[in-house]
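J.: pasting the sequence and the predicted model now:
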Amino acid sequence: MIQRYFCVNDTVKEIVEVDIQAQNTQEPIELFSWLYTIFINSDTIKVLSTSAQQDMQQCKQMLKDELKKNGIYVGCKIVGSWHEIYFYLKSVKGIEGKIRDILSNFDYTFESNAVKDKSWKFYEIELLPNEYQQHHIQNRQIIDELIDAGDEITIKREIEHYIVFDTSSLRDKFYNILQEHSLSCKEMFDDDDAYNISLVQMQTLDFDDMCKFTDNLVKLSNQFHARYIGWNTRLVKDI
């Protein structure tokens, strides 16, 4: 399953695409011990024209079709005009020539690199989304679903956010600091040894604002050894 999210690395914005199920293979992942990276640069990508994007998608698909014969596509990073495309391969023998043949069809500057990574550390550390990024993905999915249903995302509405605690005492301590963080409690309830709290906030569905808000709730929840689950809201249409 392909997921996409944004992150900032040393003030540089990156777009990350990752197959979060890449390790679900019929063969042991240890067999795919070579991390093979293709770095592709094209100034035309900066323009983000339809034709430039289509060319890059075609190029990436040709690379995937070739390398999946010997490996697994795990993800891609887009940093400026650079596309970094990642595979785990059983062997890199003869791969360089095949890659050059494919890329000769495109007017791109490119480099490639192969390193041993039997434990897939790069995939787990650099590609899989962290707790904050997982919520960014969830935010994007929910907002897109609401837009598709005709929601007017610029209208403020009540949004419920959910946090789960290991103990009732930690939840009580969290409740006591809500006011200083401009948060309001809607309900507290227990469920199978989990101690839950729902917060209510009047918000629009601006993606960047939602990500900042959920980042703050993740950080605040972690301080109380709790887990921020996510949010829910109702469909709002401009009438």
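T.: Yes, it's here.

J.: can you give me the helices for the protein?
T.: 50-67, 95-103, 121-122, 131-148, 168-176, 207-223 (DSSP state H).

J.: figure out which of these is closest to Phe6.
T.: The closest of the helices of the chain to Phe6 is helix 131-148. By Cβ to Cβ, the value is 6.7 Å. All C-beta spots, glycine's among them, are computed from the backbone N, C-alpha and C.

J.: point out the other elements, helices or strands, that the closest one touches.
T.: strand 2-9, helix 207-223, strand 227-233 (3 or more Cβ pairs under 8 Å, 6 or more residues apart in numbering; DSSP states H and E).

J.: test my guess that Tyr132 contacts Ser221.
T.: No: counting by Cβ atoms under 8 Å, Tyr132 does not reach Ser221; the two are 11.4 Å apart.

J.: those two: who's more crowded?
T.: Using other Cβ atoms under 10 Å as the criterion, Tyr132 and Ser221 rank with Ser221 on top: 20 against 15.

J.: closest to Val236 out of the helices of the chain?
T.: Val236 sits nearest to helix 131-148 of all the helices of the chain, at 8.3 Å, using Cβ to Cβ.

J.: show me the domain layout of the protein.
T.: Split into domains by automatic domain parsing, the chain comes to 2-127, 131-233.

J.: in TSV: those, plus mean pLDDT.
T.: TSV is the format used below for the domains of the chain (pLDDT from 0 to 100):
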stretch	mean pLDDT
domain 2-127	88
domain 131-233	95
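
J.: quick one: contacts for the residue nearest to Leu170 when sequence neighbours are not counted?
T.: Setting aside the residues directly before and after it, Leu170 is nearest to Phe224 in space (Cβ to Cβ, 6 or more residues apart in numbering), at 5.0 Å. Phe224 is in contact with Phe165, Leu170, Arg171, Lys173, Phe174, counting by Cβ atoms under 8 Å, 6 or more residues apart in numbering.

J.: re earlier: need the helices of the chain in CSV (columns: distance to Ser33).
T.: Formatted as CSV, the helices of the chain follow (distance: least, Cβ to Cβ, whole Å):
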stretch, distance to Ser33
helix 50-67, 14
helix 95-103, 14
helix 121-122, 12
helix 131-148, 26
helix 168-176, 43
helix 207-223, 34
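
J.: and Leu235, which of the ones you listed is closest to it?
T.: helix 131-148 (6.2 Å).

J.: can you list contacts of that closest one?
T.: 3-7, 16, 129, 153, 205, 207, 210-211, 214-215, 218, 228, 230-231, 233, 235.
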